[in-house]
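>>> From the sequence below, what's the structure:
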Amino acid sequence: MLRTLLLILFLFLSSNLARAAEPVQAETLPPVVVTATRLETPEPEVTTSITVITAREIQSQQAETVLEVLRNVPGLDVVQSGSRGTVTSVFIRGSESDQVLVLIDGVESNLTTTGGFNFAHLTTENIERIEILRGSGGTLYGSQAIGGVIHIITKAGKGKPEFTFSTEGGNGRTHRQFLALRGGTERLGYSLSTSRLETSGFQRTNDDYQNIATSGRLDLRVTDSALLRGIFHFRKTDLGNFNNNNFNAAGAGDPNARLNDTEYLFKFDWEQKLLSNWDYRLSTSQYKLHEKSSDDPDAFDTSRKRERFRPTIVTTDIQTNYRWQDWSTTTFGVEYKKRQATTDRIRRDQRNLAYYLQEQLRFFKDRLLLVGGVRLDDHQAFGTEWSPAASAAYLIRETGTKLKLGYAQGFKVPSLNELFGSGGNPNLGPETSWELNGGLEQQILERFTLGITYFHREVEDLIVFPAPNFQARNVGKVRVDGIELFGDIHLGHGLSLRPSYTFLENDTSSGRLVRRPRHRGNILLDYQQERFHLNLNAHVVGQRDDFGVVSGADIKEAGYVKMDLASSYLLPWTAPGVKRLSLFGKIENLLNKKYEEADGFLARPLNFLIGIRGVFGKD
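From the prediction side, this is the model:
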């Protein structure tokens, strides 16, 4: 009954409120990306595999968290362990989750304890775009980037002041509010936002979640050739850990286990152009997380447990770029990084000094693009590691064809948990990798873009915890082969289709990789006509290997199909100071499927949010 009422609501919006979405300017220029080369580069000229998710695409899906939009990216597997706020891991092209580097405005945000990043709490407010580099980024970014890089970039302020407010609510006693202020003058740009997300969840007890987030960015043009930028992020979350007892057969939902996170990120950039063809950037940043878990006595477990985790990363980086006419760009950088962890078991830190060099060449009227680079990491505990990479692309503009080929090496140092935590081994060495990929992208009649990419990666000295003592050792090996297919099809009359499919074959020294299906695909159907916008998203995930949450044995987890529906309507109403006023909503798990992304952790049932958004200011 609920599903029927929600569908009627969406149909009512589309048929009676007269067709429309929030107006956006036509995107005549291709997106510019920075993650692939550490320099602004038009996306069609990037020689590696990269996906850009724009603010417009985030809003069209009415996505509240970054993990929702990452599900549409080919080569990515997103696994959430239950309800909102529960641990969420991302794997790129079969990599481990701790082999994916996560940057927030250029700041490394992976945990120094586990090496991974929990995407459960990362909300979408104030995001300009998300860049996903699929494939090793070790030459520019060092350890953690064997699988790739996910870079979240905050909106900059410009133009007349603009104030945005939205509020929404739905089932499970879920509600969310968002405030943002953006604007700028000739010399100063400002962008501030805050949001609150709260839900009671969908389990019978202790499934509630609260997320309060604030972010800001200031860009000060000190002189015509110098820019000072400051960025901060703050997030506080509180989660009822219902699934805390899942690993015991007698567990029936933990009634009082809690998990609290407080996250801080600060960054300052100084950018200056010394000559018309020579510039540099100096930056310093800190990422800090305070995590506290608690579990009071209950009928299942009579002990009282408290744990604290405080990972910190401090980074200082200087980079300079020199352009030789129009055909050559040289980039050189030095990066110092200190990773630290304080837990009940660990009080350690690691220091690393790195040097990276990259050369970009353009020949034959910018048809042939060559990028080569190398990085030297001098690690306090593990000595020196070289990470070379080379890639090329050839553009045939007359036919809309792009050919690309790339090779890269990477490495990942052990996390502090793997070295000194439970089951840790201080004698571990780095994991090492090499990979090769090649692809073709073809544009047809300026309305169809189709692409195919093949990739191969081998990882040696993978850190595993083998029986019988389950102590970390460098004995694992992984070989991954895969194919990514993707398309962007504009059917006309405001209708577009974006399908993708990933085939993944892997072979390891201990079996198959868990939670990474052989077959996975997405179909995103988007309709926009004047004032109405409709977005239908289908996720198809095939059968995959997993381990039984209770038995620990190897199992096969069933595949599933999940559909999400989102819509917005721009109200034909104006008033002084009101630029736009719109209604919006989304239904997640539209068909109310019962499924698990990880064994023993039931995903959310059908859930919906409906809200109103206003943008205020002077035109």
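
>>> and the spatially most central residue of the chain, what does it touch?
Nearest residue to the geometric centre of the chain (C-alpha atoms, centre = their mean): residue 150, 4.8 Å. By C-beta atoms under 8 Å, 6 or more residues apart in numbering, residue 150 lies in contact with 70, 90, 92, 100-103, 130-133. (Each C-beta comes from the backbone N, C-alpha and C, glycine too.)

>>> what mean pLDDT would you report for the helix or strand where it lies?
In this structure, residue 150 sits in strand 148-154 according to DSSP states H and E. Regarding strand 148-154, the rounded mean pLDDT is 97.

>>> and that strand, how far out from the chain's middle?
Computed by C-alpha atoms, centre = their mean, to the nearest Å, the separation of strand 148-154 from the middle of its chain amounts to 6 Å.

>>> Give the other helices and strands that the next helix or strand after that strand contacts.
Using DSSP H and E, the helix or strand that follows strand 148-154 in sequence is strand 162-170. With contacts defined as 3 or more C-beta pairs under 8 Å, 6 or more residues apart in numbering; DSSP states H and E, the secondary structure elements packing on strand 162-170 are strand 174-184, strand 578-588, strand 607-617.

>>> tell me which element the nearest residue to residue 108 once chain neighbours are set aside is part of?
The shortest distance from residue 108 to any non-neighbouring residue, by C-beta to C-beta, 6 or more residues apart in numbering, is to residue 313 (5.4 Å). Residue 313 belongs to strand 305-324 when assigned by DSSP H and E.

>>> Partner strands of that strand and their direction?
strand 278-295 (antiparallel), strand 328-343 (antiparallel) (DSSP bridges).

>>> sorry, back to before: tell me what the residue nearest to the centre of the chain is bridged to.
Here residue 150 shows beta-bridge partners residue 102, residue 132, assigned using DSSP bridges.

>>> tell me the pLDDT at the closest residue to residue 209 other than its chain neighbours?
Distances taken as C-beta to C-beta, 6+ apart place residue 85 nearest to residue 209, at 3.7 Å, with adjacent residues excluded. According to the model's per-residue confidence, residue 85 sits at a pLDDT of 95.

>>> and residue 85, what does it touch?
120-121, 209, 211, 237, 239.

>>> Out of those residues, which sit inside strands?
Restricting the contacts of residue 85 to those inside strands, with DSSP state E as the criterion, leaves 209, 211, 237, 239.

>>> out of those, which is most surrounded?
residue 239 (26 neighbours; other C-beta atoms under 10 Å).

>>> got a list of what that residue touches?
Contacts of residue 239 were listed using C-beta under 8 Å, 6+ apart, and they are 85-86, 208-210, 258-261.

>>> would you turn these into JSON lines with distance to residue 390?
Conversion of those to JSON lines gives the following (distance: C-beta to C-beta, whole Å):
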{"residue": "85", "distance to residue 390": "42"}
{"residue": "86", "distance to residue 390": "40"}
{"residue": "208", "distance to residue 390": "50"}
{"residue": "209", "distance to residue 390": "45"}
{"residue": "210", "distance to residue 390": "47"}
{"residue": "258", "distance to residue 390": "49"}
{"residue": "259", "distance to residue 390": "43"}
{"residue": "260", "distance to residue 390": "45"}
{"residue": "261", "distance to residue 390": "40"}
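
>>> closest to residue 612 among the residues you listed?
Within the contacts of residue 239, distances to residue 612 taken as C-beta to C-beta reach their minimum at residue 210, with 21.9 Å.

>>> my read is residue 419 is in a strand, agree?
No. Following the definition DSSP: H, G, I helix; E, B strand; the rest coil, residue 419 is helix and is not counted among the residues of a strand.

>>> excluding its backbone neighbours, what's nearest it?
Counting by C-beta to C-beta, 6+ apart, the nearest residue to residue 419 once its immediate chain neighbours are dropped is residue 426, at 5.4 Å.

>>> can you check residue 217 too?
Here the nearest residue to residue 217 in space, its sequence neighbours aside, is residue 191; by C-beta to C-beta, 6+ apart that works out to 4.5 Å.

>>> List the residues that contact residue 377.
Neighbours of residue 377 in contact, by C-beta under 8 Å, 6+ apart: 142-143, 352-354, 384-385, 387, 411.

>>> Narrow those to those that are buried.
With neighbours counted using 16 or more other C-beta atoms under 10 Å, the contacts of residue 377 contain these buried positions: 142-143, 352, 354, 385, 387, 411.

>>> List the contacts of residue 411.
Contacts were defined as C-beta under 8 Å, 6+ apart; by that measure residue 411 touches 138, 143, 146, 377, 385, 387, 430-433.

>>> Out of those, the closest to residue 488 would be?
Closest to residue 488 out of the contacts of residue 411 is residue 146 (28.1 Å), distances taken as C-beta to C-beta.

>>> surely that closest one meets residue 412?
Yes. Using C-beta atoms under 8 Å, residue 146 is in contact with residue 412, at 5.5 Å.

>>> list residues touching both of these two?
In terms of C-beta under 8 Å, 6+ apart, residue 146 and residue 412 are both contacted by the residues 99, 431, 433.

>>> what about the second one, distance to residue 617?
Computed with C-beta to C-beta, to the nearest Å, the distance linking residue 431 and residue 617 is 50 Å.

>>> swap in the last one?
To residue 617, residue 433 is 49 Å away according to C-beta to C-beta.

>>> more neighbours, the two?
Set side by side, residue 433 and residue 617 show more neighbours around residue 433, with 26 against 17, by other C-beta under 10 Å.

>>> Hmm, the more buried one is touching residue 461, no?
No. In this structure residue 433 lies outside contact range of residue 461 using C-beta under 8 Å: 9.4 Å.

>>> Which members of the contacts of residue 239 are classed as buried?
Among those, the ones that count as buried by 16+ other C-beta under 10 Å are 85-86, 208-210, 258-259, 261.

>>> Pretty sure the residue nearest to residue 217 sits in a helix.
No. According to three-state DSSP, residue 191 belongs to no helix; its state is strand.

>>> That one pairs with what?
When bridges are assigned using DSSP bridges, the partners listed for residue 191 are residue 182, residue 217.

>>> and it, how many residues sit next to it?
Using other C-beta under 10 Å, residue 191 has 23 neighbouring residues.

>>> Also residue 449?
Residue 449, neighbours per other C-beta under 10 Å, totals 18.

>>> what residues are up against it?
Residue 449 is in contact with 441-443, 487-489, counting by C-beta under 8 Å, 6+ apart.

>>> What's the separation between it and residue 130?
Computed with C-beta to C-beta, the distance linking residue 449 and residue 130 is 19 Å.

>>> before we move on, what about residue 566?
For residue 566, the distance to residue 130 - C-beta to C-beta - is 17 Å.

>>> Would you mind giving both backbone torsions of the residue nearest to residue 207 when sequence neighbours are not counted?
With sequence-adjacent residues excluded and distances taken as C-beta to C-beta, 6+ apart, residue 207 is closest to residue 201, at 2.8 Å. Phi and psi for residue 201, reported as degrees, to the nearest 10, are phi 80, psi -170.

>>> Identify the residues contacting residue 201.
Contacts of residue 201 were listed using C-beta under 8 Å, 6+ apart, and they are 83-84, 172, 207-209, 240, 242.

>>> Distance to residue 111 for the residues you listed - can I get that in TSV?
As requested, these are exported to TSV (distance: C-beta to C-beta, whole Å):
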residue	distance to residue 111
83	21
84	20
172	28
207	24
208	24
209	20
240	21
242	22
